[in-house]
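>>> let me see the structure of the following:
(2 chains)
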Amino acid sequence: SQKIEQNSEALNIQEGKTATLTCNYTNYSPAYLQWYRQDPGRGPVFLLLIRENEKEKRKERLKVTFDTTLKQSLFHITASQPADSATYLCALVSNFGNEKLTFGTGTRLTIIP
Amino acid sequence: GAGVSQTPSNKVTEKGKYVELRCDPISGHTALYWYRQSLGQGPEFLIYFQGTGAADDSGLPNDRFFAVRPEGSVSTLKIQRTERGDSAVYLCASSSQRQGSLRTGELFFGEGSRLTVL
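Numbers count the residues shown, from 1 in each chain, chains lettered A, B, ... in the order given. Sure thing, here's the model as predicted:
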């Protein structure tokens, strides 16, 4: 069956370090992958989109990679700050014309001052 | 303009009752999505509208769930004979572009409606 897994439920990182979150998928042929941030009690907020033919995308302190051979995306936050603490969700769009955005379970990131 | 608006923000109901959840998308957005999110989980797709029509309702769990978007803007998610397992946050999202929007753009989510079935 199709599965999207984010490697850990919770991740604690020291302020100033780089946080790296992992998204792995199986039995899926994604055309596009998106990352969202969700704060407690709020809806998800879009961060970045990367296409299957792109290896890397950057936005300020954020970097996303997409490896369709490994079936994996990595999400990096450099120079992390306590304000980066949130749950981060990866989401896939299928290659087969389906507009359904399928989400992973999310990783709760805490940046420790 | 305003973002996606969802009402009510909280709804507590008894098992067996009927519930309606409303979503007011960003003005001009043609695509509208409903998701359900349980504690500690990612959002789970329910249904997708393009204009007034349901383009994909494959995520609706059973026939107790139904959604409409009669004029292509506001949408209502309707749940009949609620069960305790229906308790979750129901998220609505909209997008500005036609078919293929998720390949180039993003979803704008509301804050959700938290449903508790006692």
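>>> list of residues touching stretch A:52-68?
Outside of stretch A:52-68, the residues within contact range by C-beta atoms under 8 Å, 6 or more residues apart in numbering or on different chains are A:30-33, A:35, A:47-51, A:73-80, A:95. No exception for glycine: its C-beta is placed from N, CA and C like everyone else's.
>>> with only the CA atoms kept, save it in CSV.
Once side chains and other backbone atoms are set aside, the C-alpha atoms of stretch A:52-68 remain, and they are given as CSV (Å, rounded to 0.1, in the frame of the first residue of the first chain):
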residue,chain,number,x,y,z
GLU,A,52,10.4,15.5,-9.4
ASN,A,53,13.0,16.9,-11.8
GLU,A,54,14.5,19.2,-9.2
LYS,A,55,17.1,18.0,-6.8
GLU,A,56,17.2,21.0,-4.4
LYS,A,57,15.1,24.1,-3.6
ARG,A,58,16.0,26.9,-1.2
LYS,A,59,14.1,29.7,0.6
GLU,A,60,15.9,31.8,3.1
ARG,A,61,17.1,29.4,5.9
LEU,A,62,15.1,26.5,4.4
LYS,A,63,16.4,23.9,2.0
VAL,A,64,14.6,20.9,0.5
THR,A,65,16.0,18.0,-1.5
PHE,A,66,14.1,15.4,-3.5
ASP,A,67,15.6,12.1,-4.4
THR,A,68,13.2,10.0,-6.5
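>>> can you name the residues bridging to residue 45?
You didn't pick a chain, so chain A it is. Following DSSP bridges, A:Val45 is listed with bridge partners A:Arg37.
>>> switch to chain B, please.
For B:Phe45, the beta-bridge assignment (DSSP bridges) gives partners B:Tyr35.
>>> out of the contacts of stretch A:52-68, which end up buried?
Neighbour counting with 16 or more other C-beta atoms under 10 Å in any protein chain shown marks A:30-33, A:35, A:47-50, A:73-77, A:80 as buried within those.
>>> from those residues, which single one is nearest chain B?
The nearest member of the buried ones among the contacts of stretch A:52-68 to chain B, counting by C-beta to the nearest C-beta, is A:Tyr32 at 5.2 Å.
>>> these two touch, right, that closest one and A:Val93?
Yes. With contact taken as C-beta atoms under 8 Å, A:Tyr32 and A:Val93 are classed as touching, separated by 4.4 Å.
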